[in-house]
Every structure is written in structure tokens, then in C-alpha cells.
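Novice: Pasting the sequence and the predicted coordinates here, then a few questions.
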Amino acid sequence: MQFIDELNESQRAAVSYNDGPLLVIAGAGSGKTRVLTYKIAYLLTQGVPAGHILALTFTNKAAREMKQRIIRLVGEDVGRYLWMGTFHSICARILRAEADNIGFTRDFTIYDQVDQKSLVKKIVRDLQLDDKIYKSGMVLARISSAKANFVDPEAYAQSEAYTKIDRLERLYKMASVYAEYNRRLRAANAMDFDDLLMYTVLLLNNNPEVRQRYQQRFWHVLVDEYQDTNHTQYLIVKLLAEPQNHVCVVGDDAQSIYSFRGATIENILTFQNGYTGAKLFKLERNYRSTQNIVNAANSLIHKNKGQIYKEVYSEKEVGERLHLTGYSTDREESSAVARQILGLHRLNKRDYEQIAILYRTNAQSRNLEEEMRKLSIPYRIYGGMSFYQRKEIKDAIAYFRLAANYSDDEALERIVNVPKRGIGDTTIGRVRAAALREGVPMLRVMQTPQVYAAEIAAATQRKLQAFAEKIALFAEQMEQLDAFEFAQLVLNQSGVMADAATDTTAEGIDRKGNLEELLSGIRQYVEDRRQQGEETRITDFVHEVSLLTDQDENPDDSVARITMMTVHSAKGLEFPVVFIVGLEENLFPSPFCQSESELEEERRLLYVAITRAEQECYLTYASQRWKNGQVNFSNPSRFLKDIDRQYIQQLSAPSSEPSPWERSTVSGQRSVVSYQPTVSPRNLKPTTGVKLKTEQQSVATEWNKGDRIDHKVFGKGTVQRVYRENENDKIEIDFDDKGTKTLLLAYAKLNRI
């Protein structure tokens, strides 16, 4: 048992305690996995047979890695027969053996997400419900939530909480859909992933002999990431561990961030109440981060009321304080972060793979990606995909492409049923065949299917013609509107935006946010092009995006890249340098927070983000952020005030711009302040150049008031004045047809008349 000596005192105490139920609260970076691994190895060396130990994890990867470590410690002969795996895999194993006790055969099918969605669509159709309201994703999210809380269809129908939410979502028949969904699954001798858990509870509850057999088999039950368990998983652990209650759960309540997946933080907070004589062990030494990072994270999380108090500490170097910087706009924020990363790479010799950027929502990646490309900084989107590769964005751009080019059959096939129009694959196949036979675009066939003998029913012909007319309308408007106005028109009139807005699942909210971010990006594109005197048509934007996505689709995996991801995706990872961007109210915390418990989860989410950093942590926010093509003013996140200021280095701001610890509201108009940190070598304190809105100054130039000019986009006009503001030379021109506009002189591209 020499390996026990490798542990610190707290870890060793938790590993060697076997006299009853125990809860191991493992702070960030405290060696949680190590403790669980050594705990199992210790049991094996104490003579507990591997076949009598059950270890439950949340990912197959975690189970494989843990088992490999255990085998390295005790040998393959000792450790190979462990019952170790995810909740779902262990439950499936039990149910295969006991299927006849719950009315299934042992060869039952497990439905994946595609199977589930297909089944729900059929049920919605057969019950003659509106598939625009009863979307398969939303219906499955409601069913999964119920099963996670061990609520069957009968209990669901009687639940005031569920029916209240269903009424708000106009899902008045949701209970009937759930009941029919379960009925058809059972008729098909099939289960979904949630059923694997739910039927295991039913099996153990309703079959005392079976329950006793498994309780006698599992002398010790161990659970990883216990803070992420839902109610059904809690019941599984409880039923299998009784009556001897040799149960060990390991987790960190401060990292409970998955309530949207059904996780219940109360499982870990009330563990000692549910298991008589349970002993609590705390792992409080952080081996990952510097003292300043650990202390800053502590000061934040201690503001939560619902927690098991612990004082995480680090014995590593004190390290730099967290760097907090405010910017005037989200674009300036992204640009500064990109330049800072370039400086860290070139001046401080940081490898790109040592750096991560974390954000609250996927949509925030767009600005960052564009700035990375400008500076040729290689990046990867972890746990997701590049902004312009996301389905809803590709759908929107396909609409733009088809309006500009009727012959773009690939774009047409992508969006003909987005949102759903009741145009099936068979119909599209006939349209495609007719188009190939006649040598015309598919859209032409849709306009007059009878002319091309497409053999399509009259009712379906009307659907095709309605779609073709909509595209024709878009094409007509395209020449009259700039790219932003056109994109807004298309997303609204096509139904794409409304379709995303009615989906209140986490995925639906994400889709809507991405579409809004697309509009913001197009709005910025239009303004930039106007400043430079360039065209602002949607086709120019689509061409530019096409060049970007071509580059994205073939990344060179041998190149070291920075990592960009949501904070949720970052859990379990660590990086020497972490940037946490967008720390503003109504972004982080999320605007969807409706209760104190939800706000506390958002605070835990920021705690997770900060504790990903090993050596340096940068926090940023913007005073203005584009959303849905509009500029929104925002306050710094309230969470910034929760962090003890002694652990933060805030770049100085003028007295007119209060710090995050002082500012609580935005009232009236205020001057825009631009914070621009300059990159400095590591271990030197970053400096800042704070630029205030300055007096407008005259500029020596070839242009004078009264000069007549011609501009490629705005036409003829008269110069009103030329001046300098915020180090930019600007020219104000009264255009004959477009009114007065201010352009950047460097990009105006004017011709004298």
C-alpha cells in the first residue's frame, strides 16, 4: 500500500475511511479523481473483491481512465473485474439481466436522439397537434426533465408545476404526448437513455429479491461528480447502497452548473441528512492555480448561501492578480483580447495551446473568431463548432445565397423545409429529377411544377409555389436594401427567427442567440463598409463569409491553437492562461435567471471559469454590445463586485466612469471610455492607455468646406467639415440624396468633382 503515502493528509484520510457513508467535498484542482482512484485501489488491497465494488461516473472516458490508473496501482488481475462505468451503462447492464422483471425482453433496443425525435414527430402528427408548437426537441426536453425527477406520465398529468409550464408554452396536450411516447417505446421493446435510469429504480423498488441481490453484490458504491446527479440517479445510489451504506460520493457543490440537464445540487448539499452517520471530508488544497487565483475564486463563491463551506488554498506562488479590463464595445474587447494573446505568444513565449478564451454563450465566439483571423492566430472551438458552421447560421446564409442565385440548388435543398413547411423528401426528389431532366434550376420547377411534369399533388404544388414566391420577393428586395436590412427582412419573413424564438430549450435559446449575433455581425459589416466607401450588399457579405468558412473546414490539427469555448464546456479542463470575456449584466449572469438559486448557479459558473486558470486570468467586459443588430448599453457583471478587490488589478478608469465595485446602474447618456491595455512581458504589470472623448480638432487636409465630391456608394455631396476626434481624421459630407454622413477620411475614397 505504498501508494497511500503519495497522498496529502486530507486525501489519505478520505481514502482510508471505510466505516460508513462518506462525502468527499473536493475543491477545484484538489485531486478529486486521484482520491477516488486511490480509494478503489485501497479497497482492493484490503481484500474487497473487484466484482463487489461499483463505481459510477458521468463519462465513459472518465471510467476508462480511472480503471487504467487503478490497474497500474494494483495490477490487472486484481482490478479487471470492477463494476465501473457511467450510470447509463451500469443500468443497461442490470436491465439486460433483469428485463423480464419489468416487462421487457433482454434484447430491448435503446433509442438514440434521432430515434426519439422521429418517434415524437409521428406522435405529434398522429395526435393532430401543431408541430410548430410541439417541436420534437422541446417535447423531448420536457420528457427528459420529468424522467430525471422520476415523474412518470400519470404523475406528470397531476403535477401542477409541470402543467403550469406547459400552459405557458402552449403545450396543453404535453401529458398525453408523454404517455403515448412511453406507450410506443414499450410496445417497441425499447427504452430511451432516461428510461435506463428510471426503469432501474422501478426494478429495484418493485422487486425486493432483485434489490437484495444487487445490494449483496455491491459491498461498496462510489460516485464521481456527485454534484451533477439528478433525482433518479440519487435514488439508484440510495437503493443499491442500502442497508450497509458503504457509499462514497465525491464532488464539489461549488461546481454544480448543470441544472439545465436535470442536475440537483441538493443531492450533495443534503447528503449527510440522507445517510445516517455520514462523515464529511474536505479536500481544500488546490494544486492547479496560484494563490491569487484561488483566493479570488474563494471570495466570489463565498457569496453563495447554498454551499458547503470550505477554504480552498494554494501553496504555489502568489502569482499575478486577476487582470480586469473594461472596453467601450464588444468589438474593441475582442480586438484587445486577440492583441493581448498575440503579445503573450510573441513577447512572453506562451504557446497558443496554453491559452483559453471562455464565454457564457456560443454566439460570443463570432467577434473573437474574426479578430483571431485578422491576426492569423490559430484557434479551435472546443465542444462546438465555428460560428459560421453552426446549422442555423448556415441555414440563414443559404436563404441569402438562394435569393441572389436561383440556380443554387444546394442552398434550396437545405432550406426548403426550414422552418417546416410540410415538403417531404419524396416531393424534393421529384422536383430534383424534373430539374435534371429539363436542365433548369429546382426553384424554376417549384414555380410551375405542372409545366415540368413533376407529378406533384395539387396541395403540395401550392406549398412549393409559396416557397418560390417568398424567395422571389427576397430577390426583389435584395437590390433595394443594404445587407443588414435584407438579412433582417429574410430572417423575419422566412420564419427562421420566429421558429428559433418559440423553442425555449437550451438549444433553442442558443440558436436564437446565434441568429441575433449574425444580424449584429452583418450590421457591423455594413457600417464598416460604408466608412470605407465600399458596397454593402448581402452578396458581398456572403462571399466574405464563404472565404472564411472554406478556411475553417480544413484546419491543420498539427498546428498549436488557442482554445475557445463556453464555460460549461470548460469544466474539468485547465490552462496556464485563461481569458473570461463578456462579464456584463444580462450576459453573465444570464438574462434568464429568475430566482436566487439560478443566480447562485451563475456565480458557480464563474467560479468554474476562474479556477480553470493555472497562472494568469484575464477578465473583460464591454459597455456596449451588439445584439440583434442593435447597440445595447450594459453594466459590468454584479459578480465582479463579489470578488475581493485585493485580488484584482483593475486598469485605471477616469472618475466619470465608476469601477465595477461602485457602478450599479446606467442612467442617461455618458461618455464612452475606451480601455486599451498594452501587451507587456510576463510578470510586468500591464499598462493602459485610457482615451477619453476629446475636443474635436482641425485637420490639415486637401479637402475644404464647400468642396464637391463623388462617393462610390452615397453619390455626390458637399464637404461640410474635416476634423480629428479620438485620434481619427473624419470628414462630414452632406450628400445630395443620402443626407449628412460622417466618414473616416482614411477610407472614404472620394473623387473631386
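Specialist: Okay, I see it.

Novice: can I assume Met442 is in contact with Asp408?
Specialist: No. Contact criterion CB atoms under 8 Å: Met442 and Asp408 do not qualify, at 9.3 Å. Glycine gets a C-beta too; all of them are placed from N, C-alpha and C.

Novice: higher neighbour count, those two?
Specialist: Met442 (26 against 18; other CB atoms under 10 Å).

Novice: Find me the pLDDT at the more buried one, would you?
Specialist: If you check Met442, the pLDDT there is 91.

Novice: Need phi/psi at it.
Specialist: phi -60, psi -30 (degrees, to the nearest 10).

Novice: Pull the contacting residues for it.
Specialist: Residues counted as contacts of Met442 (CB atoms under 8 Å, 6 or more residues apart in numbering) are 409, 412-413, 431-432, 435.

Novice: Same list (the residues you listed) but as CSV, adding distance to Arg721, secondary structure and neighbour count.
Specialist: Compiled in CSV, those are given as follows (distance: CB to CB, whole Å; DSSP: H, G, I helix; E, B strand; the rest coil; neighbours: other CB atoms under 10 Å):
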residue, distance to Arg721, secondary structure, neighbour count
Asp409, 52, helix, 17
Leu412, 50, helix, 26
Glu413, 53, helix, 16
Val431, 58, helix, 26
Arg432, 59, helix, 16
Ala435, 57, helix, 21
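
Novice: can you tell me which of those residues lies nearest to Asp710?
Specialist: The nearest member of the contacts of Met442 to Asp710, counting by CB to CB, is Leu412 at 39.5 Å.

Novice: Correct me if wrong: the closest one contacts Asn405.
Specialist: No. Judged on CB under 8 Å, Leu412 makes no contact with Asn405 at a distance of 9.9 Å.

Novice: Identify the neighbouring strands of the strand of greatest length in the chain in the sheet and state each direction.
Specialist: Longest strand of the chain, by residue count under DSSP state E: strand 613-627. Strand pairing for strand 613-627, using DSSP bridges, gives strand 322-329 (parallel), strand 575-580 (parallel), strand 630-633 (antiparallel).

Novice: of those strands, which approaches Leu168 most closely?
Specialist: strand 630-633 (25.7 Å).

Novice: From the contact counts, what lies against the next helix or strand after that closest one?
Specialist: The helix or strand immediately downstream of strand 630-633 is helix 639-642, counting by DSSP states H and E. The helices and strands touching helix 639-642, judged by 3 or more CB pairs under 8 Å, 6 or more residues apart in numbering; DSSP states H and E, are helix 291-301, helix 596-610.

Novice: per-residue confidence averaged over the helix or strand just after helix 639-642?
Specialist: Sequence order places strand 648-650 as the next helix or strand after helix 639-642, per DSSP H and E. If you average the pLDDT over strand 648-650, you get 90.

Novice: How far away from the center of its chain is strand 648-650?
Specialist: 27 Å (CA atoms, centre = their mean, to the nearest Å).

Novice: pLDDT value on the closest residue to Cys593 other than its chain neighbours, please?
Specialist: Of all residues not flanking Cys593 in the chain, Leu599 sits nearest, at 5.0 Å (CB to CB, 6 or more residues apart in numbering). We have a pLDDT of 96 for Leu599.

Novice: again with the one 5 residues further on
Specialist: Looking at Arg604, its pLDDT is 97.

Novice: tell me which residues of the helix or strand hosting Gln272 are tucked away?
Specialist: Using DSSP H and E, Gln272 maps to helix 271-274. By 16 or more other CB atoms under 10 Å, the buried positions in helix 271-274 come out as 271-272.

Novice: what does stretch 202-216 give?
Specialist: 202-204, 210-211, 214-215.

Novice: How about stretch 16-34?
Specialist: 21-34.

Novice: Mind checking which of the residues you listed land in strands?
Specialist: Per DSSP E, the subset of the buried residues of stretch 16-34 in strands is 22-26.

Novice: Please state the mean pLDDT value computed over stretch 223-240.
Specialist: Mean pLDDT, computed over stretch 223-240, is 95.

Novice: Sorry, wrong one. I was asking about stretch 101-120.
Specialist: 87.

Novice: Then stretch 380-399?
Specialist: 88.

Novice: gap between the two ends of it?
Specialist: From its first residue to its last, stretch 380-399 covers 27 Å (CA to CA, to the nearest Å).

Novice: cool, stretch 39-57 as well?
Specialist: 14 Å.

Novice: Quick check: which element contains Asn514?
Specialist: For Asn514, the host element (DSSP H and E) is helix 506-531.

Novice: I meant to write Gly422 there.
Specialist: Going by DSSP H and E, Gly422 is not in any helix or strand.

Novice: just the one 4 residues further on next, same as before
Specialist: Take DSSP H and E as the rule and Thr426 turns out to sit in helix 425-438.

Novice: May I see the buried residues of that helix?
Specialist: 427-428, 430-432, 434-435.

Novice: average pLDDT for stretch 312-327?
Specialist: 95.

Novice: One more: stretch 43-54?
Specialist: Mean predicted lDDT for stretch 43-54 stands at 92.

Novice: chain center to that stretch, what's the gap?
Specialist: With CA atoms, centre = their mean, you get 39 Å for stretch 43-54.

Novice: And that stretch, what's buried?
Specialist: 43-44, 48, 50, 52-54.

Novice: so what's Leu269 up against?
Specialist: Per CB under 8 Å, 6+ apart, neighbours of Leu269: 253, 306-308.

Novice: gap between it and Glu598?
Specialist: To Glu598, Leu269 is 16 Å away according to CB to CB, to the nearest Å.

Novice: Please verify my assumption that Asp166 contacts Tyr172.
Specialist: Yes. Assessed by CB under 8 Å, Asp166 is found in contact with Tyr172 at 6.7 Å.
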